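**Student:** Have a look at this fold, sequence not included:
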C-alpha cells in the first residue's frame, strides 16, 4: 500500500490531498486547502513550506505528485506559482519523498479522460473515483486528481513491465 500526497500549488491557495493506493484500488485519506493570507510572498512561501511539512509529518506519505508549472498569459503569476511549487517540493524532499511531476493536461486526462476537462468535471470524477460523500473544493480536488494520476501512472508502468517479459520470465 502506498500513501500518495498530491499538491495543487498556488501563491494564494495550495490544495493538498492524500490517497491510499494498492493494486487498482485508491481510497481517500484526507484533503484540504492551505489558505494564504495577503502578506508578502516570502512569508506565504514559509507558510506553504511549514504546512506541507506538517502534513507529511502527520500522514507519512511515501510519494509526492505535483502539477508542473504551465506558462500562462501572466509571467509574474507563473513565477509565483513556481515559487509555491518549490516551497512544497522542498518540504517533501526534506522528508525524503520522491517527487513526481505531471502536466495539468496529463492529470485531467488520467482522471476525466480528456486533457481539456474543466474544474467541475475534475471535481465530479474525483468524487466518483474516491466514492466521496460530497464534492471536494476545487484546489483539494485538483490535488487529489494529481495523486490519482500518479497512482494510475504507476499502475500502468507495472502492467507495462509485466508485459515486457517473455513466456519464460526473461526480459526481452
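**Tutor:** Great, that's in hand. Not measured: the values here are computed from a predicted model.
**Student:** For the helix or strand encompassing residue 100, give me every contacting residue.
**Tutor:** Using DSSP states H and E, residue 100 sits within strand 99-102. Contacts to strand 99-102, defined as C-beta atoms under 8 Å, 6 or more residues apart in numbering, come from residues 63-68, 89, 92-93, 110, 146, 149-150, 153. Using the backbone N, CA and C atoms, a C-beta is placed for each residue, glycine as well.
**Student:** Between which two of those is the distance greatest?
**Tutor:** Checking those against each other with C-beta to C-beta, the farthest-apart pair comes out as 93 and 110, at 23.5 Å.
**Student:** Compare those two (neighbour count), which wins?
**Tutor:** Between residue 93 and residue 110, counting by other C-beta atoms under 10 Å, residue 110 is the more crowded of the two (20 against 12).
**Student:** Report whether the more buried one is found in a helix, as I expect.
**Tutor:** Yes - under DSSP: H, G, I helix; E, B strand; the rest coil, residue 110 sits within a helix.
**Student:** Is residue 21 in contact with residue 4, as I believe?
**Tutor:** Yes - between residue 21 and residue 4 there is a contact under C-beta atoms under 8 Å: 5.7 Å.
**Student:** Neighbour count: those two, which is higher?
**Tutor:** For residue 21 versus residue 4, neighbours defined as other C-beta under 10 Å are more numerous around residue 4 (26 against 22).
**Student:** can you tell me which helix or strand the closest residue to residue 134 other than its chain neighbours belongs to?
**Tutor:** Using C-beta to C-beta, 6 or more residues apart in numbering and skipping residues adjacent in sequence, the residue nearest residue 134 is residue 127, 7.3 Å away. If you go by DSSP H and E, residue 127 is part of helix 119-129.
**Student:** In the chain, where is pLDDT below threshold?
**Tutor:** 71-72, 156-172 (pLDDT under 70).
**Student:** Run through the strands of it in chain order.
**Tutor:** All strands of the chain, identified by DSSP state E, fall at 2-8, 13-22, 25-35, 63-67, 99-102.
**Student:** which outside residues touch the third one?
**Tutor:** This means strand 25-35. 3, 12-21, 47-48, 51-52, 59, 129-132, 136-137, 139-141, 143-144, 147-148, 151.
**Student:** buried sites along stretch 68-77?
**Tutor:** Neighbour-count burial for stretch 68-77, counted by 16 or more other C-beta atoms under 10 Å, picks out 68, 69.
**Student:** Ends of it, what's the gap?
**Tutor:** Using C-alpha to C-alpha, to the nearest Å, the end-to-end distance of stretch 68-77 comes to 14 Å.
**Student:** so who does residue 8 touch?
**Tutor:** 14, 15, 16, 67, 139, 140, 142, 143, 145, 146.
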